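1. here you go, sequence then predicted model.
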Amino acid sequence: MMGKRKDHYYRKAKQEGYRSRAAYKLLEIQKRFAIFERGSRVVDLGCAPGGWLQLIAAEIGPEGRIVGVDLQKTRGLPAKNVVLIQGDITAPNVQSMIREALGGEADVVTSDLSPNLTGIGFQDHLRSCELTRTALAVARELLRPGGVFLAKIFQGEDLESVVTELKGEFERTRRVVPRASRKASSEIYLLAQGFRGASCAGSNPAV
Ligand SMILES: C[S@@+](CC[C@H](N)C(=O)[O-])C[C@H]1O[C@@H](n2cnc3c(N)ncnc32)[C@H](O)[C@@H]1O
């Protein structure tokens, strides 16, 4: 089946007990940039089946907290500090549920959100940009000043405008292409660090 080939990372995930091969993308980002710390409070948007949640839970330890959200049902995790919400992140009631479940400001908001792919690159890119902008709106509401936003996005002509938005709201924005991303995929990850605070939303980028 297209896109579901049993490649190296797929097999590795099976062997090592990760629920998704996507866990290796986040693992690489964590190794390079150390975005999670012991005790971090994290929101993971588009969390099913839960590979990222497994990794984040291990990095933050029992003193941290994670709220995972997905349209799909996510199987529970053994860690007690993981709260799962099944819902659409574009719905305002889901955003207030996240806020309540988090119990404070977030240190990190991650988004591995993917639209249902049509195979039409331009359409998939635009829908991915929409999801990333919604994830950014959630991050803006929840992040503490200095916090981190990490989001997957499919490349295309609107990418630069999303990067420009991030540059306006965070001290540093990078593009990261993990080795575990499939060669044929147009996905990249935007890593924005040093949130300037909700009052800066929409300001001009300091480029
Ligand atoms: C690539 S998967 C995430 C994999 C996950 N990071 C892991 O490691 O298991 C993308 C997820 O985004 C979810 N998604 C897409 N649109 C969404 C929306 N509007 N609200 C919530 N979840 C959404 C999909 O249901 C899908 O499970």
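-> Sure, I can see it. Numbering: from 1, shown residues only.
2. the nearest residue to residue 153 once chain neighbours are set aside sits in which helix or strand?
-> Nearest-residue entry for residue 153: residue 132, 4.8 Å, with adjacent residues in sequence omitted and distances by C-beta to C-beta, 6 or more residues apart in numbering. Using the backbone N, CA and C atoms, a C-beta is placed for each residue, glycine as well. Assigned by DSSP states H and E, residue 132 belongs to helix 121-142.
3. elements contacting that helix?
-> Other helices and strands packing on helix 121-142, by 3 or more C-beta pairs under 8 Å, 6 or more residues apart in numbering; DSSP states H and E, are strand 41-45, helix 92-102, strand 106-111, strand 143-154, helix 159-169.
4. next SSE downstream of the one helix or strand residue 57 maps to?
-> In this assignment (DSSP H and E), residue 57 forms part of helix 51-60. If you walk from helix 51-60 toward the C-terminus, the next helix or strand you reach (DSSP H and E) is strand 65-70.
5. coming back round to it: if I read this right, the residue nearest to residue 153 contacts residue 162, doesn't it?
-> Yes. Look at residue 132 against residue 162 with C-beta atoms under 8 Å: they come within range, at 5.8 Å.
6. which one's more surrounded, these two?
-> More crowded of residue 132 and residue 162, by other C-beta atoms under 10 Å: residue 132, with 24 against 18.
7. quick one, which of the helices and strands packed on helix 121-142 is nearest to the ligand?
-> With C-beta to the nearest ligand atom as the criterion, the ligand lies closest to strand 41-45 of the helices and strands packed on helix 121-142, at 6.5 Å.
8. walk me through which strands the closest one pairs with, and which way each runs.
-> As defined by DSSP bridges, the strand partners of strand 41-45 come to strand 65-70 (parallel), strand 106-111 (parallel).
9. could you check the angle it makes with helix 121-142?
-> 150 degrees (axes from the mean of the first three to the mean of the last three C-alpha atoms, to 10 degrees).
10. mind checking how far strand 41-45 is from the chain centre?
-> Going by C-alpha atoms, centre = their mean, to the nearest Å, the spacing between the C-alpha centre of strand 41-45 and its chain's C-alpha centre is 8 Å.
11. and that strand with helix 51-60, angle?
-> Angle of strand 41-45 versus helix 51-60, following the same axes, to 10 degrees, is 170 degrees.
12. quick check: mean pLDDT of strand 41-45?
-> Averaged across strand 41-45, the pLDDT comes to 98.
13. list the buried residues for it?
-> Applying a neighbour-count criterion of 16 or more other C-beta atoms under 10 Å, one finds 41, 42, 43, 44, 45 buried in strand 41-45.
14. got the strands paired with strand 41-45 as CSV, with distance to residue 20 columns?
-> What follows is these, written out as CSV (distance: least, C-beta to C-beta, whole Å):
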stretch, distance to residue 20
strand 65-70, 12
strand 106-111, 13
